[in-house]
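Chemist: Here's my sequence, what's the structure:
(one chain, ligands or ions: 1)
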Amino acid sequence: MYNIKMYNIKSSKAEEFISDSEIKATMAYAHENRNNRELIKEILEKARSGKGISHREAAILLECEQPDLIEEMYDLARDIKKRFYGNRIVMFAPLYLSNHCINGCVYCPYHAKNKTIRRKKLTQEEIRDEVIALQDMGHKRLALEAGEHPLHNPIEYILESIKSIYSIKHKNGAIRRVNVNIAATTVENYRKLRDAGIGTYILFQETYNKENYEALHPSGPKKDYAYHTEAMDRAMQGGIDDVGIGVLFGLETYRYDFIGLLMHAEHLEATYGVGPHTISVPRLCMADDIDTADFKNCVPDEIFYRIVAIIRIAVPYTGMIISTRESAKSREKVLELGISQISGGSRTSVGGYVQEESEEENSAQFDLSDRRTLDEIVSWLLDLDHIPSFCTACYREGRTGDRFMSLLKNGQIANCCLPNALLTLKEYLKDYASPATREKGEAMIRRMLTTIPNEKARATATKYLDAIEEGKRDFRF
Ligand code: SAM
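Modeler: Model prediction:
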């Protein structure tokens, strides 16, 4: 029996809200109950309400060996996805500002000792060019990425970059939401990011296993497990109420990190009354001097799909993100199981939107699996009956944190998010789409418009769509 008295969901200490002994006890409990049909059926029944399940319950589902119950799980994930998100998929692109980094992360090619990667930091002028290239593709939402370097990438550089990005208006283009994925920082710096108007603050835990975390981060500020794990608490204290968590699957056993991830979500919900806004599910990829063959915990596709489905069941109110680390095939599979946001047309090299790199001048963070253009992705989503959405309305209307969650919980999604998705898709079709994509998209808008339940919302959406057709932009509910 494990001693789990160290576990305290509301503690401010990493090792207490992510208690190693609670994770190990959960793993043992899940293994013991992996064929307990009655219990698994009970958990699925509870999950059907859409109110979520605990990390212990989710861990049993992950271990389940019964084919019919696994099928039931997938059906339930599809059902919850539909109920909470409809067929909308939010689009975004990463923007790499700088790959200078003083950390020693053994899985990341930005690590300080890597002498083969070309180091680069964008000037404000270069950021402008990148943002114009992104706007010309049709993007409205970015995720800023940077290595950790106090001299090259101080908080002032990040803040100045955010300001530049929001100020750039090229043709009908605009970046309306900037999410930020930078290293763990202080409450004071989080407050500055909030004041700069960021959307979500995203930070991947990489792994929740402290011992492994320390081995994977041998040097640099990131090696401090507690400082990294408590970052979201500091972000919340700094007034950022949309935070995005994730682990890098492949670093630790998926069982351990899956449980840690859900415990982290439970901690934020219990402590601040609002769970994470998003969960990302990146898998380790090949990169410059990184070989995935050196990592023994890489997650096979079948398990990965199951992880996505069970996260969807466990935390229905949390958006789920997948990047171009995944192939078109695995993206197609996880979209129906729970993913609500995907990137498209991405470049992970610094300056890559203006000039794609040759292999020799590699400055990229990881190799892309899905290299299609944004228009190809939009067209593919439409073929799969998803609505590609460029919506950023919630955060611009102040619906963040618990106010966003209450929109979801009150079932107002169909009267609010659906019209917003259609309006932003219409803008995309008018300004950026190829003729074939435009035709498919217009058909989707016509069809989905009739499904907006509230008559008044439907009439307003129709009026706005006509206005977009006439050249006006930026309507929202
Ligand atoms: N530097 C920031 C930090 O320390 O958190 C975050 C930015 S980093 C550009 C974004 C994420 O990419 C990392 O948190 C990590 O999970 C992921 N990453 C690093 N190396 C990777 C690899 N080889 N394959 C896939 N993802 C990787």
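Chemist: Roughly how far does the closest residue to residue 475 other than its chain neighbours sit from residue 422?
Modeler: Distances taken as Cβ to Cβ, 6 or more residues apart in numbering put residue 464 closest to residue 475, at 4.0 Å, once the chain neighbours are dropped. (Each C-beta comes from the backbone N, C-alpha and C, glycine too.) Counting by Cβ to Cβ, to the nearest Å, the gap from residue 464 to residue 422 is 9 Å.
Chemist: do the same with residue 411
Modeler: Distance from residue 411 to residue 422, by Cβ to Cβ: 18 Å.
Chemist: circling back to that earlier point, need the per-residue pLDDT for the residue nearest to residue 475.
Modeler: The model reports residue 464 with a pLDDT of 98.
Chemist: wait, what's in contact with it?
Modeler: Listed by Cβ atoms under 8 Å, 6 or more residues apart in numbering, the contact set of residue 464 reads 419, 423, 475.
Chemist: can you point me to the longest strand in this protein?
Modeler: In the chain, taking DSSP state E as the definition, the longest strand is strand 88-98.
Chemist: right, is it up against the ligand?
Modeler: No: shown here: strand 88-98 not in contact with the ligand (Cβ under 6 Å from any ligand atom), separated by at least 7.0 Å.
Chemist: For the stretch 51-200 of the chain, what lies in contact range of the ligand?
Modeler: Counting by Cβ under 6 Å from any ligand atom, the stretch 51-200 of the chain sits next to the ligand at 107, 108, 145, 147, 148, 181, 182, 183.
Chemist: for the last one, helix, strand, or coil?
Modeler: For residue 183, the secondary structure call by DSSP: H, G, I helix; E, B strand; the rest coil comes out as coil.
Chemist: Likewise for residue 189?
Modeler: Taking three-state DSSP, the label given to residue 189 is helix.
Chemist: okay, now the closest residue to it other than its chain neighbours: neighbour count?
Modeler: Leaving aside its chain neighbours, residue 189 sits nearest to residue 155 (4.7 Å; criterion: Cβ to Cβ, 6+ apart). Counted with other Cβ atoms under 10 Å, residues neighbouring residue 155 total 17.
Chemist: same thing with residue 184?
Modeler: By other Cβ under 10 Å, 20 other residues sit near residue 184.
Chemist: Isn't it up against residue 225?
Modeler: No: with contact defined as Cβ atoms under 8 Å, residue 184 does not reach residue 225; the gap is 10.5 Å.
Chemist: buried stuff in stretch 202-217?
Modeler: Within stretch 202-217, the residues scored as buried using 16 or more other Cβ atoms under 10 Å are 202, 203, 204, 205, 206, 207, 208, 209, 212, 213, 216, 217.
Chemist: Then stretch 32-47?
Modeler: Result for stretch 32-47 [16+ other Cβ under 10 Å]: buried residues 33, 34, 36, 40, 43, 44, 47.
Chemist: any chance of those residues in a markdown table, plus distance to residue 336 and pLDDT?
Modeler: As requested, the buried residues of stretch 32-47 are arranged in a markdown table below (distance: Cβ to Cβ, whole Å; pLDDT from 0 to 100):
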| residue | distance to residue 336 | pLDDT |
| --- | --- | --- |
| 33 | 28 | 98 |
| 34 | 25 | 98 |
| 36 | 28 | 98 |
| 40 | 22 | 98 |
| 43 | 21 | 98 |
| 44 | 18 | 98 |
| 47 | 17 | 98 |
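Chemist: Greatest separation within these: which pair is it?
Modeler: Spanning the widest gap among the buried residues of stretch 32-47 are 34 and 47, at 17.0 Å by Cβ to Cβ.
Chemist: what residue ranges in this protein score low on pLDDT?
Modeler: Applying pLDDT under 70 to the chain flags residues 1-5, 358-361.
Chemist: Using the three-state scheme, assign the residue minimising distance to the centre of it.
Modeler: By Cα atoms, centre = their mean, the mean C-alpha position of the chain lies nearest to residue 321, the distance being 3.2 Å. With three-state DSSP as the basis, residue 321 sits in strand.
Chemist: From the buried residues of stretch 202-217, which land in strands?
Modeler: Reading strands off those with DSSP E, I get residue 202.
Chemist: between the buried residues of stretch 202-217, which is nearest residue 246?
Modeler: Of the buried residues of stretch 202-217, the one sitting nearest to residue 246 (Cβ to Cβ) turns out to be residue 204, at 4.3 Å.
Chemist: right, and the residue nearest to the centre of the chain touches residue 341 too?
Modeler: Yes: Residue 321 lies in contact with residue 341 (Cβ under 8 Å); the separation is 4.5 Å.
Chemist: now, among the contacts of residue 464, which is nearest to the ligand?
Modeler: Top of the list for closeness to the ligand, among the contacts of residue 464 and by Cβ to the nearest ligand atom, is residue 423 at 31.0 Å.
Chemist: quick revisit: just want to know which of residue 411 and residue 422 has more residues nearby.
Modeler: residue 422 (26 against 12).
Chemist: which strands and helices sit next to the helix or strand harbouring that one?
Modeler: Here residue 422, judged by DSSP states H and E, is contained in helix 413-431. Where contact means 3 or more Cβ pairs under 8 Å, 6 or more residues apart in numbering; DSSP states H and E, helix 413-431 is packed against helix 67-85, strand 88-98, strand 387-389, helix 401-409, helix 435-449, helix 455-469.
Chemist: coming back round to it: between residue 321 and residue 341, what contacts are shared?
Modeler: Common neighbours of residue 321 and residue 341, counting by Cβ under 8 Å, 6+ apart, are residue 278.
Chemist: what's the distance between stretch 346-356 and the middle of its chain?
Modeler: 20 Å (Cα atoms, centre = their mean, to the nearest Å).
Chemist: quick one: contacts of that stretch?
Modeler: Against stretch 346-356 from outside (Cβ under 8 Å, 6+ apart): 93-99, 120-122, 126, 129-130, 133-134, 137, 145, 323-324, 357, 362-366, 368, 370.
Chemist: Okay, and the closest residue to residue 72 other than its chain neighbours sits in which element?
Modeler: With sequence-adjacent residues excluded and distances taken as Cβ to Cβ, 6+ apart, residue 72 is closest to residue 44, at 5.8 Å. Taking DSSP H and E as the definition, residue 44 sits inside helix 37-48.
Chemist: how much space between the nearest residue in space to residue 197 that is not next to it in sequence and the ligand?
Modeler: Computed as Cβ to Cβ, 6+ apart, the closest residue to residue 197 that is not its neighbour in sequence is residue 166, at 6.7 Å. Plainly put, residue 166 is 20 Å away from the ligand if you go by Cβ to the nearest ligand atom, to the nearest Å.
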